[in-house]
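A.B. asks: Sequence unavailable; structure follows:
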């Protein structure tokens, strides 16, 4: 039996409006390190958008690689597979690959091709070992696919979606050719699946991608036991299929995610069967708060702020606050009024949302 943990969309280095989130990311990574040990995880899958920026800061890079170092040091048999997302620089993410070739860490950022121009699927197909060191799983570790990364389908009505479908079909055929009796095939993908429920931040991602079509669950062959997805921040299954899932982001990326259950997904693979699939909720280190519940006139908003209890924790755990104001006309100095009312409450005002 091999136990897998699926996580995605860490966005290390993200600023929540103007506030640095290093503390929150460190808390999550500390929790994940503990979870890897307590849950006896054999394989960690990280499904893209490790960093929020393609050129992450030195602090962000150190946070990530320090995590990899600790995770493998504290769990020597742990296997880790990381793919690049659309926020990551594929080449930058892969840069330490030569140093990791002798380890159990596999980082896939780029889609490699043969001299003939055909995709080299051997470079994205990762063998995962059981406790005896035998290959038990073939993992199709497909990074975020950019133009030129997927096959060209002649006379296609949508080159992107049909190209991505062809990519996964060919990758599966390659994995099937390697697969022996009792072995399993799983897949990773950083993409927008059809029917995925999205939040405000996810809608912005679609615009960044140029509004390309989403990918159908049918892109993943029936013989794939589990499909680990990233890119959409809300944890969910796709196409009504239990085995095709987004883990969601570990931290809320916007106030639209205030009520999301942020989680990782854990599953067992045994004798080519998927078993014991369940989620583990991630503790929130810095809460998000919206007041009032509905947009209200400024007098009511200021009154509610006045009755807001002071947050007694330290500054780095102080909640992020969104204040929702119903404007009936011009309101000069609105933010100053809100900030004045919040004096001494120990909340971090993110934004004043108007309606």
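C.D. replies: Everything's here; your move. Note that the structure is a prediction, hence the values are computed from the model and not measured.
A.B. asks: so how far is residue 166 from residue 12?
C.D. replies: 32 Å (Cβ to Cβ, to the nearest Å). Yep, even glycine has a C-beta here, placed from its N, CA and C like the rest.
A.B. asks: Show me what the helix or strand containing residue 106 is in contact with.
C.D. replies: Here residue 106 sits within strand 105-108, counting by DSSP states H and E. Strand 105-108 is contacted from outside by 68, 72, 79-84, 93-94, 96-97, 100, 123-124, 126, 141-143, using Cβ atoms under 8 Å, 6 or more residues apart in numbering.
A.B. asks: Which ChimeraX command selects the buried ones in those?
C.D. replies: In ChimeraX, a selection of the buried entries from those looks like this (16 or more other Cβ atoms under 10 Å):
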select :68,72,79,80,81,82,83,84,93,94,100,124,126,141,142,143
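A.B. asks: What about the contacts of strand 105-108, which are in helices?
C.D. replies: Using DSSP state H, the members of those that fall in helices are 68, 72, 93-94, 97, 100.
A.B. asks: Show the low-confidence segments of the stretch 251-355 of the chain, by residue range.
C.D. replies: The stretch 251-355 of the chain contains residues with pLDDT under 70 at 355.
A.B. asks: All the strands of it, residue numbers only.
C.D. replies: 263-270, 273-281, 288-296, 320-325, 348-354 (DSSP state E, counting those that start in this stretch).
A.B. asks: Now mean neighbour count and distance to residue 49 too, for the ones you listed, in JSON lines please.
C.D. replies: Shown next, in JSON lines, are these (neighbours: other Cβ atoms under 10 Å; distance: least, Cβ to Cβ, whole Å):
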{"stretch": "strand 263-270", "mean neighbour count": "20", "distance to residue 49": "15"}
{"stretch": "strand 273-281", "mean neighbour count": "13", "distance to residue 49": "19"}
{"stretch": "strand 288-296", "mean neighbour count": "15", "distance to residue 49": "20"}
{"stretch": "strand 320-325", "mean neighbour count": "22", "distance to residue 49": "20"}
{"stretch": "strand 348-354", "mean neighbour count": "16", "distance to residue 49": "21"}
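A.B. asks: between these, which one is nearest to residue 313?
C.D. replies: Counting by Cβ to Cβ, residue 313 lies closest to strand 348-354 out of the strands of the stretch 251-355 of the chain; the figure is 11.6 Å.
A.B. asks: Can you give the contact residues for that closest one?
C.D. replies: 16-17, 19, 255, 295, 318-327, 334-335, 338-339, 342.
A.B. asks: got it, and stretch 214-228?
C.D. replies: Residues beyond stretch 214-228 that count as contacts (Cβ under 8 Å, 6+ apart) turn out to be 4, 6, 8, 45, 47, 140, 161, 164-165, 168-169, 172, 176, 184-189, 191-196, 238-239, 241, 243-245, 247, 265, 267, 269, 272-274, 277.
A.B. asks: So among those residues, which ones count as buried?
C.D. replies: Using 16+ other Cβ under 10 Å, the buried members of the contacts of stretch 214-228 are 4, 6, 8, 45, 47, 140, 161, 164-165, 168, 172, 184-189, 191-193, 196, 238, 243-245, 247, 265, 267, 269, 274, 277.
A.B. asks: Out of the residues you listed, which sit inside helices?
C.D. replies: 161, 164-165, 168, 172.
A.B. asks: Point out where the stretch 1-150 of the chain drops to low pLDDT.
C.D. replies: In the stretch 1-150 of the chain, no residues with pLDDT under 70.
A.B. asks: Please repeat the previous calculation with a cut-off of 90.
C.D. replies: Along the stretch 1-150 of the chain, segments meeting pLDDT under 90 span 17-18, 97-103.
A.B. asks: Let me see the ranges of the strands in it.
C.D. replies: So, for the stretch 1-150 of the chain - with DSSP E, counting those that start in this stretch - the strands run 2-7, 15-16, 19-20, 43-47, 79-83, 105-108, 125-129, 135-141.
A.B. asks: These into CSV, with extra columns for distance to residue 148?
C.D. replies: Compiled in CSV, the strands of the stretch 1-150 of the chain are given as follows (distance: least, Cβ to Cβ, whole Å):
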stretch, distance to residue 148
strand 2-7, 28
strand 15-16, 31
strand 19-20, 35
strand 43-47, 21
strand 79-83, 17
strand 105-108, 16
strand 125-129, 20
strand 135-141, 18
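A.B. asks: Quick one, which of those strands gets closest to residue 60.
C.D. replies: Of all these, strand 19-20 comes closest under Cβ to Cβ, at 10.3 Å.
A.B. asks: what sits up against stretch 74-81?
C.D. replies: In contact with stretch 74-81 (Cβ under 8 Å, 6+ apart) are residues 33, 36-37, 41-46, 68, 71-72, 104-106, 108, 126, 128-129, 131, 139, 141, 188.
A.B. asks: What about the residue nearest to residue 251 when sequence neighbours are not counted, how many residues nearby?
C.D. replies: Distances taken as Cβ to Cβ, 6 or more residues apart in numbering put residue 24 closest to residue 251, at 5.5 Å, once the chain neighbours are dropped. For residue 24, the number of neighbouring residues by other Cβ atoms under 10 Å comes to 21.
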